[in-house]
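[1] with the input below, show me the fold.
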Amino acid sequence: MHRPSFSAASCARIARVRSALLGLGWVWLALAAVLAWLDREGRWIESGREAVVLFKLWIFWAVWAVLPWCGAALLGLREGAGRSVLRLAWLGALVLVAYSGLVEPRLLTVHEHRLRLQTPVKLPPLRLALVADVHAGLFVRGWQVERLVDRLNALDVDAVVVAGDWTYEPPRDLHALLQPFSRLRHPVWGVLGNHDTGAPGPPLAKALRQALQDHGVQVLDGRRLLAEGWEVVGLSDRWGGDPLSEIARLLPPGTPATPRLVLAHQPDTAALLPAGSSSLVVSGHTHGGQITLPWVTRQWVLPGMSAQGWFEGLYATQAGPLFVTAGIGTIGLPARLAVVPRIDVLLLE
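    Just a heads-up that it's a prediction; the model follows:
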């Protein structure tokens, strides 16, 4: 006789908790607007895009509202007719948003690749840690930069190579933001990307270049160096630099006399290089699509990243092999889905 009464009381408590969780989510959405307003202060922001940056920051903070909503959706499954297709779909959508917005962007993996290259001279194997698209700033925060440096320091490599896009609407104090890179125990070679050179983005290239150099990063845009018997050539970004003049000056036609590594932010830069001019080209820029959605990512997102179809992994080009990394950070939305942030360790043989 008492079971129905107990069940009704239990259902009432569940309903109250569910209502509280729903309310907490809505309150957090409002609080996220305040946090975004405070968070926008002191940032490099492109003129005329203040409202856009504010909206992106609101999304960055608002996504945490899905956690209490997930709890409310789970409790809703215990109600009568709670396991309807619509309620299950809603719970699935919330879980997907929570994972792609709060979990995957904060992961960091290491992938190892052995590349057997055709080089004019055989040298001892060279191990490189390749990263790109750190995008420190709007969505990637200081603790993530610190963790990236810690992971790089734990690797047994000869050098760290950063293929551009260090920033994304970062704080004004670039020196403090990038200070963790001064702790790297390996040589660091890098180039700037389109978001570092105002294509698009704020005009921070000069300040960024100085901050990187102050922290021991060798910025190679339009420059070359010799290391471990390799010639390392850096090219500026296709949109924010002048790679064609640099190619004419640094990469004459014909096979190089020594193994040559070319560092370029955008993979399509490889299509500009003379035939056979590189032992290996490394780049980033594509984020591997960043958010993998059936058909949409392949047909609508990735073509804008590479007209050549060079999106992630190893490709054969007229210049030589090209390796494209899926990178570390995010732009547009603070989310990744099925494209986990990664450091690619390349063993060049």
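
[2] rest of the way, CA atoms for contacts and neighbours
    OK.

[3] go through the lowest-mean-pLDDT helix or strand in the chain and flag the buried ones.
    Using mean pLDDT, DSSP states H and E, helix 3-39 stands out as the lowest-scoring helix or strand of the chain, at a mean of 88. By neighbour count on 16 or more other CA atoms under 10 Å, the buried set for helix 3-39 is 11, 14-15, 18, 21-23, 25-26, 28-29, 32-33, 35-36, 39.

[4] secondary structure class for Gln218?
    Per DSSP: H, G, I helix; E, B strand; the rest coil, the secondary structure class of Gln218 is strand.

[5] what's the neighbour count on the nearest residue to it once chain neighbours are set aside?
    Of all residues not flanking Gln218 in the chain, Trp189 sits nearest, at 4.9 Å (CA to CA, 6 or more residues apart in numbering). Counted with other CA atoms under 10 Å, residues neighbouring Trp189 total 22.

[6] how far does the helix or strand containing Trp189 sit from its chain's centre?
    Secondary-structure assignment from DSSP states H and E places Trp189 in strand 188-191. For strand 188-191, the separation from the chain centroid amounts to 16 Å (computed by CA atoms, centre = their mean, to the nearest Å).

[7] one more: stretch 341-349?
    Worked out by CA atoms, centre = their mean, stretch 341-349 lies 16 Å from the chain centre.

[8] state the mean pLDDT of it.
    Mean pLDDT, stretch 341-349: 98.

[9] can you point out the buried residues in it?
    In stretch 341-349, counting by 16+ other CA under 10 Å, buried: Pro341, Arg342, Ile343, Asp344, Val345, Leu346, Leu347, Leu348.

[10] same deal with stretch 243-255?
    Quick answer for stretch 243-255 (16+ other CA under 10 Å): Pro243, Leu244, Glu246, Ile247, Leu251, Thr255.

[11] tell me the contacts of Pro68?
    Leu21, Leu22, Leu24, Gly25 (CA atoms under 8 Å, 6 or more residues apart in numbering).

[12] name the nearest residue to His175, sequence neighbours excluded.
    In space, His175 is closest to Ala211, 5.0 Å off (CA to CA, 6+ apart).

[13] quick one: the one you found and Leu174 touch, right?
    Yes: using CA atoms under 8 Å, Ala211 is in contact with Leu174, at 6.3 Å.

[14] name the residues contacting each of these two.
    By CA under 8 Å, 6+ apart, no residue touches both Ala211 and Leu174.

[15] quick one, helices of the protein?
    In the chain, the segments counted as helices under DSSP state H are 3-39, 50-62, 66-76, 85-98, 142-153, 174-177, 205-214, 243-250, 296.

[16] average pLDDT across the fourth one?
    It refers to helix 85-98. Averaged across helix 85-98, the pLDDT comes to 94.

[17] neighbouring contacts of that helix?
    Identification of contacts with helix 85-98 by CA under 8 Å, 6+ apart yields Val63, Trp64, Val66, Leu67, Trp69, Cys70, Ala73, Leu74, Gly76, Leu77.

[18] picking up where we left off before, the least confident helix or strand of the chain: how far from the chain's middle?
    33 Å.

[19] for it, name the packing helices and strands.
    Counting contacts by 3 or more CA pairs under 8 Å, 6 or more residues apart in numbering; DSSP states H and E, helix 3-39 packs against helix 50-62, helix 66-76.

[20] what mean pLDDT would you report for the longest one?
    Within the predicted structure, the mean pLDDT of helix 50-62 is 98.

[21] just the last one next, same as before
    Predicted confidence along helix 66-76 averages 94 (mean pLDDT).

[22] show the pLDDT at the residue nearest to Gln218.
    In this model, Trp189 carries a pLDDT of 98.

[23] that one and Ala132: what is the separation?
    Applying CA to CA, to the nearest Å, the value for Trp189 to Ala132 is 12 Å.

[24] quick one, which of the helices of the chain is nearest to Gly164?
    helix 205-214 (11.3 Å; CA to CA).
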